[in-house]
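Undergrad: here you go, sequence then predicted model.
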Amino acid sequence: MTETEFRADLLTAAASRAEVQSCGLREALVTEVLERLRDAGEVPEGEPCPETITGQRGRKLEIDAWADDDADGSLHLFIALYDGGQEPKSALTLTEARDQGFNRLLGVYEQAREGWLTANIEESRPLWALARRIQTASRPTALRLNVVSDRTVNERLREIAGDETREKVPVTFQIWDISRLKRIHDAASARDDLIVDFTGLLDGGLPVLSASVGSGDYDAYLAVLPGETLADIYIRHGSRLLEGNVRTFLGRGGNVNKGIAKTVAQEPQKFFAYNNGVAATASAITTARGPGGALVVTSATDLQIVNGAQTTASLAMARREDRNSLSSVFVPMKLSVVTPDVAGDLIPQISRFANSQNGVRPSDFFANHPFHRRMEEASRRILAPATSGSQVQTHWYYERARGQYLNDQVGMNSAQRNRFLLMNPRRQVLTKTDLAKAACCFDLEPDVACKGAEKAFVAFAEKITKEWADEKNRTTYGDDWFRAAVARIILFRASESVVSKAPWYEGGYRAQIVAYSCMRLAGLALELGSGLNYLKIWAQQFAGTVLEEQLLIIGERMTHVLRSPPLAGQNIGEWAKQQACRKIALETRVNTVADFEDWVGTGGEQRSQERDARRTRRVQDGLDVLKQVLEHDANYWISARQFCRVRGMLTPEEEKALIPACQIPKKIPTDRQAACLMLLVEKALDAGWSGGPEA
């Protein structure tokens, strides 16, 4: 895909989002880009805050979004330099980026810090809440100013020198242009433009000891990293340095981090002995020979800390408080240099095993869970009913991995791409976070959804992981569950549109109002019956007049709840994240519109649908396992039987299942026998079977 095609797709995605959410194209573009950057691990999850005002002394202030980075304590501010034309303007210059971007964002921060903004804008506006946060909170560890653009930028602007605020807060500058966004998309599993330079160290680089064991997938090194260097790298790059599974810094409240701070303060020379060190990965390194011929690493590309996030962040905090406190601190480091073609599979494995001694939850590794493969398969197979007189049935395309929708179109000619887009329209693309956020809302947990897509996804992952472990529960995640999930997305998007157009909507906090409106709609249906009839909504493929009218009534009531926190001046966004807010919202009386009960299911209907779903899933699972068995001929199973018999590994049930398997295709095992045979294969392979007829 060319850069022009990528830009066209990005703008199309933004236009589709603007239509669905009833918002402006610029706001939609910012949201789309921030989601992509968040998924790539480049920035934390952002909060929309579109605002343009004239500030103190006539200074122009402008912002589109902001984000707190819990991992490193920094504050991100975002602004869009949006063109939107079919052909982009000339390359973005540094002067434009500064005058129309960075300087306006810096003005927002400074005038918020001084208190001018909170004194001169209305409290109902989202910018007031952000300004209040900046004014009253302690100084961020760093201020990270970000320009988002659908234009390209001159390659010479890849690195912009940092600065400081008047309070000596470090300021970094990033431009996310079309070229850079495309590189991130193409890299998929790699970070963009994160190159760490070690040439400033005493030996002209980081001395390392090669620890490779002949694997072609990666090279391994051991090193001793000065604590000052590790802290400075983290201060410069922030949580981009941390692998996504372990990016949360627990703060000094945790026992581990208290111990690190105590060692640095009282016994820094013993840090190496007391600390386990860090495990890191990189996609490439450059090396040289230092004094005496020792091997040194001069730079590392896409460096990620996969274990040792707490150590790294704690040292950075100590470094900021006392520039000289780490002069005697040294950190052991294990560095794995992983080739890009295997990075997507190997780095998560390195992270998993490097963190196995810590309390890392199974949900942290949910990205590769079989649930996603099942949803992906269902989304490619199930056709949605045609709507609005159309004769074309379409798919709701589940994007198991970011960029999948775009990648599926690579290599298609114009006619093929048109057919693909007709069957898989952009507005019907679903992501993991779409599913998770909607699920939280309709499961009556809007407070979780309001904590952001990442936290909603973790909660969703924990629920699915727990239920998937029980085979009985696993069968519910079949075709009808997928249809119901789509229905929840339809209602969620309808709520976004209804709220945006409502006469009572004053702007701001739409995400919170939508989350609580969906929750209250689901709660209302449970008060009247067994819940919303999602399959009826799926059959219609849109919310319809009755449900939209009901959402309009609910939305106004939820807006009142959200704008009436118990503490005067309390931030609405923070109030929405509290269970107390959820409790009040659930107990808030809501009038029902005529015919709303037509969209409420009965208990009998729901139980029947669940039974049918489990039965269908069991049949499908049985067919899938039998298909795997039949992929091997009789000789394969004869070999497995001989191997296991010699070692006394066969149970009577396995012996019985092998009888028809050793006569394929004359005889075919049953579904139960097929499941038994596949477990036998795993057992035999673990015991050293070669997986085929023995010589």
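TA: That came in fine, so what should we check first? Residues are numbered from 1 along each chain as shown.
Undergrad: how about the strands of the stretch 201-350 of the chain, start to end?
TA: Remark: strands assigned in the stretch 201-350 of the chain by DSSP state E, counting those that start in this stretch are 206-210, 218-226, 278-282, 284-289, 295-301, 304-307, 330-338.
Undergrad: what element comes up after the least confident helix or strand in the chain by mean pLDDT heading to the C-terminus?
TA: Sorting the helices and strands of the chain by mean pLDDT, DSSP states H and E puts helix 603-630 at the bottom, at a mean of 59. Per DSSP states H and E, helix 603-630 leads on to helix 634-646 as the next helix or strand towards the C-terminus.
Undergrad: how distant is the first helix or strand past that following helix going along the chain from the center of its chain?
TA: Where DSSP H and E defines the elements, the next helix or strand beyond helix 634-646 is helix 652-661. Offset of helix 652-661 from its chain centre (CA atoms, centre = their mean, to the nearest Å): 45 Å.
Undergrad: cool, stretch 661-675 as well?
TA: Per CA atoms, centre = their mean, the centroid offset for stretch 661-675 relative to its chain is 42 Å.
Undergrad: also stretch 637-646?
TA: Distance, centroid of stretch 637-646 to centroid of chain: 45 Å (CA atoms, centre = their mean).
Undergrad: please save the CA atoms from it in PDB.
TA: Extracted C-alpha coordinates of stretch 637-646, given in PDB (Å, rounded to 0.1, in the frame of the first residue of the first chain):
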ATOM      1  CA  TRP A 637      -2.300 -43.100  14.000                       C
ATOM      2  CA  ILE A 638      -0.600 -46.600  13.700                       C
ATOM      3  CA  SER A 639       2.700 -44.800  14.500                       C
ATOM      4  CA  ALA A 640       1.200 -43.000  17.500                       C
ATOM      5  CA  ARG A 641      -0.300 -46.300  18.800                       C
ATOM      6  CA  GLN A 642       3.100 -48.100  18.500                       C
ATOM      7  CA  PHE A 643       5.000 -45.300  20.200                       C
ATOM      8  CA  CYS A 644       2.500 -45.100  23.100                       C
ATOM      9  CA  ARG A 645       2.200 -48.900  23.500                       C
ATOM     10  CA  VAL A 646       5.900 -49.400  23.800                       C
END
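Undergrad: avg pLDDT for that stretch?
TA: Over the span of stretch 637-646, the pLDDT mean works out to 90.
Undergrad: contacts for that stretch, please.
TA: Residues outside stretch 637-646 that contact it (CB atoms under 8 Å, 6 or more residues apart in numbering): 650, 654, 658, 661-662, 664, 677, 680-681, 683-684, 687, 689, 692-694. Heads up, the C-betas are built off the backbone N, CA and C, glycines and all.
Undergrad: pLDDT score assigned to Arg374?
TA: Per-residue pLDDT puts Arg374 at 89.
Undergrad: for it, which non-adjacent residue is spatially closest?
TA: Leaving aside its sequence neighbours, Arg374 sits nearest to Tyr477 (CB to CB, 6 or more residues apart in numbering; 6.1 Å).
Undergrad: can you check Ser314 too?
TA: In this structure, Ser314 finds its nearest non-sequential neighbour in Ile260, 4.1 Å apart by CB to CB, 6+ apart.
Undergrad: returning to what we had before: which among the strands of the stretch 201-350 of the chain is found nearest to Leu547?
TA: strand 304-307 (44.9 Å; CB to CB).
Undergrad: what's around the residue nearest to Ser314, how many residues?
TA: Ile260: 24 surrounding residues under other CB atoms under 10 Å.
Undergrad: show me what contacts it?
TA: Applying CB under 8 Å, 6+ apart to Ile260 gives the contacts Asn275, Gln310, Thr311, Ser314, Leu315.
Undergrad: list phi and psi for the first one.
TA: Recorded main-chain torsions at Asn275 are phi -100, psi 140, according to degrees, to the nearest 10.
Undergrad: could you give the number of residues near the closest residue to Lys89 other than its chain neighbours?
TA: Nearest residue to Lys89 in three dimensions, chain neighbours excluded: Asp83, at 5.3 Å (CB to CB, 6+ apart). Asp83: 17 surrounding residues under other CB under 10 Å.
Undergrad: how close does Asp83 get to Glu32?
TA: 15 Å (CB to CB, to the nearest Å).
Undergrad: next one: Ala634
TA: According to CB to CB, Ala634 stands 54 Å off from Glu32.
Undergrad: of these two, who's got more company?
TA: For the pair Ala634 and Glu32, the greater number of neighbours falls to Glu32 (21 against 15), based on other CB under 10 Å.
Undergrad: packing partners for the helix or strand containing the more buried one?
TA: Following DSSP H and E, one finds Glu32 within helix 25-39. With contacts taken as 3 or more CB pairs under 8 Å, 6 or more residues apart in numbering; DSSP states H and E, helix 25-39 sits against helix 3-21, strand 47-54, strand 60-69, strand 74-81, strand 143-149, helix 178-187, helix 453-468.
Undergrad: and that helix, C-alpha only, in PDB?
TA: Extracted in PDB, the C-alpha atoms of helix 25-39 (Å, rounded to 0.1, in the frame of the first residue of the first chain):
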ATOM      1  CA  LEU A  25     -14.000  15.200  10.800                       C
ATOM      2  CA  ARG A  26     -11.200  16.700  12.700                       C
ATOM      3  CA  GLU A  27     -12.300  15.200  16.000                       C
ATOM      4  CA  ALA A  28     -12.900  11.800  14.300                       C
ATOM      5  CA  LEU A  29      -9.400  11.900  12.800                       C
ATOM      6  CA  VAL A  30      -7.800  12.700  16.100                       C
ATOM      7  CA  THR A  31      -9.700   9.800  17.800                       C
ATOM      8  CA  GLU A  32      -8.800   7.400  15.000                       C
ATOM      9  CA  VAL A  33      -5.100   8.300  15.100                       C
ATOM     10  CA  LEU A  34      -4.900   8.200  18.900                       C
ATOM     11  CA  GLU A  35      -6.500   4.700  18.900                       C
ATOM     12  CA  ARG A  36      -3.900   3.500  16.500                       C
ATOM     13  CA  LEU A  37      -1.100   5.000  18.400                       C
ATOM     14  CA  ARG A  38      -2.400   3.500  21.700                       C
ATOM     15  CA  ASP A  39      -2.700   0.100  20.100                       C
END
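Undergrad: now that helix: mean pLDDT?
TA: Helix 25-39 comes out at a mean pLDDT of 90.
Undergrad: going forward, the N-terminal residue is numbered 46.
TA: New numbering, starting at 46: the last item is helix 70-84.
Undergrad: how far off centre is that helix?
TA: Averaged C-alpha coordinates place helix 70-84 at 13 Å from its chain's average position (CA atoms, centre = their mean).
Undergrad: got the buried residues for that helix?
TA: Using 16 or more other CB atoms under 10 Å as the test for burial, helix 70-84 gives 70-84.
Undergrad: contact partners of it?
TA: 55-56, 58-60, 62-63, 66, 88-91, 93, 95, 109-110, 112, 123, 125, 127, 129, 193, 195, 221, 226, 229-230, 447, 476, 478, 498-499.
Undergrad: compute the inter-axis angle for that helix and helix 223-232.
TA: Following axes from the mean of the first three to the mean of the last three CA atoms, to 10 degrees, one obtains 40 degrees for the angle between helix 70-84 and helix 223-232.
Undergrad: re earlier: my guess is the residue nearest to Lys134 meets Arg196, correct?
TA: Yes: using CB atoms under 8 Å, Asp128 is in contact with Arg196, at 5.5 Å.
Undergrad: what's the overlap in contacts for these two?
TA: Common neighbours of Asp128 and Arg196 (CB under 8 Å, 6+ apart) are Lys134.
Undergrad: what's the domain layout of the chain?
TA: 48-232, 240-405, 417-645, 666-731 (automatic domain parsing).
Undergrad: centre of the chain to the third one, how far?
TA: Relative to its chain's centre, domain 417-645 lies at 17 Å (CA atoms, centre = their mean).
Undergrad: give me the distance between the two termini of stretch 544-564.
TA: Stretch 544-564 has an end-to-end distance of 14 Å (CA to CA, to the nearest Å).
Undergrad: could you find the lowest-pLDDT member of the contacts of Ile305?
TA: Out of those, that is Gln355, at 78.
Undergrad: what about that one, how many residues close to it?
TA: Counted with other CB under 10 Å, the neighbours of Gln355 add up to 21.
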